[in-house]
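A.B. asks: A structural model of the following input is requested.
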Amino acid sequence: MSAWFLKKQKLNTYLFSIILLSLFNFATCKYSFKDTSPIPVEVKTFKVNYLENKASYVNPQLSPQLTEKVKQKIINTTRLTQVNDEAHYDISGYFTQYTTSTISISGSNASGNRLTVGFHLIFKNTLDDKKDFEADLLRSFDFDANLSLTQAEAELTNDIVKSLSDDIFNKIFSNW
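C.D. replies: Sure, this is the predicted structure:
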């Protein structure tokens, strides 16, 4: 093959690469989440009742923190107004489970523990009682076995509250 032919083939490959990169560079991809359960326009208010702790072991911080976190999440992410009396969305519930278990053993000692937190959600839609529901939510949080439950709670409480408030919000405001 001649040198001229090889230069031309290299130039064609180079031009093809530039065109291909340009196409990929200018191509756009649109990806979005569509709320599968938009809040009906007639729904304007919500109420979060105190979320009780009926578990056999009571972490006294969880109920007040979760109650406030759920309220703030709804206020910050929806157009709904919080009220203290009759509301279109009435949210209540209680902790049902708060237990620890060993999840890993090293030698003859526990090396990892798991805190399992259960919550029973009660949702009432005062405008459409067909939308009322109850749901059980369950979350697990692992911690080092060298920590006491009190020490683990100090580390995990924020994660527990955030996870459960997200679960409650998603259960009410989306169809996931």
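A.B. asks: rest of the way, CA atoms for contacts and neighbours
C.D. replies: Fine.
A.B. asks: pLDDT below threshold where in the chain?
C.D. replies: Counting by pLDDT under 70, the ranges of the chain that qualify are 1-37, 110, 175-176.
A.B. asks: Which residue ranges of it form helices?
C.D. replies: Using DSSP state H, the helices of the chain run over residues 3-26, 62-77, 149-173.
A.B. asks: helices and strands around the shortest one, which ones?
C.D. replies: Right, helix 62-77. Contacts defined by 3 or more Cα pairs under 8 Å, 6 or more residues apart in numbering; DSSP states H and E place helix 62-77 against strand 45-48, strand 52-53, strand 81-82, helix 149-173.
A.B. asks: Dump it to CSV, restricted to CA.
C.D. replies: Backbone C-alpha positions of helix 62-77 (Å, rounded to 0.1, in the frame of the first residue of the first chain) are rendered in CSV as follows:
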residue,chain,number,x,y,z
LEU,A,62,-37.4,8.6,68.8
SER,A,63,-41.0,9.6,69.1
PRO,A,64,-40.6,13.4,69.4
GLN,A,65,-37.8,13.4,66.8
LEU,A,66,-39.7,11.3,64.3
THR,A,67,-42.9,13.4,64.8
GLU,A,68,-41.0,16.6,64.1
LYS,A,69,-39.0,15.2,61.2
VAL,A,70,-42.2,14.0,59.4
LYS,A,71,-43.8,17.4,59.9
GLN,A,72,-40.8,19.2,58.5
LYS,A,73,-40.4,16.9,55.5
ILE,A,74,-44.1,17.4,54.5
ILE,A,75,-43.8,21.2,55.1
ASN,A,76,-40.6,21.5,53.1
THR,A,77,-41.5,19.2,50.2
